[in-house]
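>>> Please work out how this folds:
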Amino acid sequence: MVFDPASDVDRLLAQQVGWGPFDDNLLYTCWVLRAVMDDNLAALHPRPTRMRIDPGERSLAEDRASWSLWSAVGDGSWEHNNVAAFGSAGFVVAAHLGNAMLNRSRRARAQRDARPRWVPRSAGVGMVSQWRVCFQSPDISFSLYWREMDAVDLITPDCMEFRFPDSEGDNSAVRVHSPWAVLMFVLAAASCFPGHPLLLSGNWLPRGFEERCHIAGKTCPQVRAR
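Numbering: from 1, shown residues only. Model prediction:
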């Protein structure tokens, strides 16, 4: 079987339920998960990709992607400014007051920069296979293999979070933003995190999605317990 997720969607019927490209992606994700559950990935045609893949690896999706890193943008250090003022008493007081405000502002900024937050890093293209997501941009290229992750989570339908130890053993966290975040989640969870509550509950798939597929003239495979 060669599967095209949008081949038999009745677009006129689909308009009644607001069917769009994201629904096509979700339906394709359901068929990929069903193939994984049935150990039958060969039923799906590999998708075109510009990236090098390993023997036995299948490209399942490729699209725009960006990533953010959980990190601080500073180490808390800042440079104290000194001022020497000469003149009238009022001028000297004003100069020192202004300098104190400047130092206070620098200190507050350094403290903010030392607190970790999600820092956008780069935008490019992400390729999803049964084993990993590979990210490439003009300035960086890296892969996140499901088996190397300590934890995964689907933050939003277009945002996937990965947690893993870095080269020094410290915890790292990356969020990948992609139209294929749900596909990343089900592949990672099905292969390495089968007890993930979101996978077990089936809530990674929107409520009523199977009914929407029916209205759109499309069959959705059973991928969650009823």
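>>> Least confident secondary structure element in the protein?
helix 89-113 (a mean of 60; mean pLDDT, DSSP states H and E).
>>> Can I get the helix or strand just after that helix in PDB? Just the C-alpha atoms.
Later in the chain than helix 89-113, the nearest helix or strand by DSSP states H and E is strand 117-129. Provided in PDB are the C-alpha atoms of strand 117-129 (Å, rounded to 0.1, in the frame of the first residue of the first chain):
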ATOM      1  CA  ARG A 117      14.500  30.900  29.900                       C
ATOM      2  CA  TRP A 118      13.500  29.600  26.400                       C
ATOM      3  CA  VAL A 119      16.000  31.300  24.100                       C
ATOM      4  CA  PRO A 120      15.200  31.100  20.300                       C
ATOM      5  CA  ARG A 121      18.300  29.900  18.500                       C
ATOM      6  CA  SER A 122      17.800  29.200  14.800                       C
ATOM      7  CA  ALA A 123      15.300  28.500  12.100                       C
ATOM      8  CA  GLY A 124      15.700  26.000   9.200                       C
ATOM      9  CA  VAL A 125      14.400  22.600   8.200                       C
ATOM     10  CA  GLY A 126      13.500  19.500  10.200                       C
ATOM     11  CA  MET A 127      13.400  16.000   8.900                       C
ATOM     12  CA  VAL A 128      11.500  13.400  10.900                       C
ATOM     13  CA  SER A 129      12.300   9.700  10.600                       C
END
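>>> Would you mind pulling the contact partners of strand 117-129?
49-51, 53, 57-73, 133-140, 175-176, 178, 180, 183-184, 187 (CB atoms under 8 Å, 6 or more residues apart in numbering). Where you see a C-beta, it was placed from the backbone N, CA and C, and this is true even at glycine.
>>> Give me the buried subset of the residues you listed.
49, 51, 57-62, 65-68, 133-137, 175-176, 178, 180, 183-184, 187 (16 or more other CB atoms under 10 Å).
>>> Out of the contacts of strand 117-129, name the ones that lie in helices.
Residues of these located in helices (DSSP state H): 183-184, 187.
>>> Spell out which helix or strand contains Asp23, please.
If you go by DSSP H and E, Asp23 is part of helix 21-37.
>>> for this protein, which spans come out with low pLDDT?
Scanning the chain for pLDDT under 70 picks out 1-14, 17, 72-114, 169, 226.
>>> centroid residue for it?
The centroid of the chain falls nearest to Val176 when counting by CA atoms, centre = their mean (2.2 Å).
>>> who's in contact with it?
Counting by CB under 8 Å, 6+ apart, Val176 has contacts 65-67, 126, 133, 135, 144, 159-160, 162, 184.
>>> so what's it bridging to?
Trp67, Met160 (DSSP bridges).
>>> just Leu144 next, same as before
With DSSP bridges as the rule, Leu144 is bridged to Val133.
>>> ok, it touching Val174?
Yes. Counting by CB atoms under 8 Å, Leu144 touches Val174, with 6.8 Å between them.
>>> what do these two both touch?
162, 164.
>>> Can you tell me how far the residue nearest to Leu198 when sequence neighbours are not counted is from Arg64?
Using CB to CB, 6 or more residues apart in numbering and skipping residues adjacent in sequence, the residue nearest Leu198 is Trp204, 5.1 Å away. Distance check for Trp204 against Arg64: by CB to CB, to the nearest Å, it reads 21 Å.
>>> Could you do Arg207 as well?
With CB to CB as the criterion, Arg207 and Arg64 are 27 Å apart.
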